[in-house]
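Colleague: need a 3D model of the sequence below.
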Amino acid sequence: MRTDTIGTGWGFPVGLSATGGFGLASGTTKLEQSMRLILTTYPGERRMRPDFGSRLRDFVFQPPTTEVRAELAAEVERALTRWEPRARIERVRVEPAPERRSLLLIDIDYTVVDTDDRGNLVFPFHGLPDDEED
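Modeller: Next comes the predicted model:
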């Protein structure tokens, strides 16, 4: 994959490199870090961009029904389509993790716009713990 079409920037979360400078990320790593940042930022958190982010936190207290999972997928697609122009979102699926019902796995299929390279990001979404026995 050509990394120059996506760019290089500070890694997220921000950290230091082995030489003491800021850790950088590029290519698919940078793109997926950007997507995670969009999904974990709630609108209103950034003063200069009050609409930036997604409303995923609105779903934390919702039961993981089929309808709620469909709404969650629609919100992910809406936020990423709006805020990440380097990726074309092809499909978003939300399924419960087999080992924990309170964990939903958001499976995002995307294509890098400039290169037509395909990628997949699985984003874990933690809801309220349930009373299931371990």
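Colleague: number of nearby residues for the residue lying closest to P43 once chain neighbours are set aside?
Modeller: Leaving out its chain neighbours, the residue that sits closest to P43 by Cβ to Cβ, 6 or more residues apart in numbering is G53, at 4.9 Å. From N, CA and C alone the C-beta is placed, and that goes for glycine too. Here the number of neighbours of G53 (other Cβ atoms under 10 Å) works out to 21.
Colleague: contacting residues around G53?
Modeller: For G53, the contacting residues are 38-46, 79, 83, by Cβ atoms under 8 Å, 6 or more residues apart in numbering.
Colleague: go again with 10 Å.
Modeller: Contacts of G53 were listed using Cβ atoms under 10 Å, 6 or more residues apart in numbering, and they are 37-46, 79, 82-83.
Colleague: dump those to a markdown table, plus distance to G7.
Modeller: Rendered in a markdown table, the data for the contacts of G53 read as follows (distance: Cβ to Cβ, whole Å):
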| residue | distance to G7 |
| --- | --- |
| L37 | 14 |
| I38 | 16 |
| L39 | 19 |
| T40 | 20 |
| T41 | 19 |
| Y42 | 25 |
| P43 | 24 |
| G44 | 27 |
| E45 | 23 |
| R46 | 20 |
| A79 | 20 |
| R82 | 19 |
| W83 | 15 |
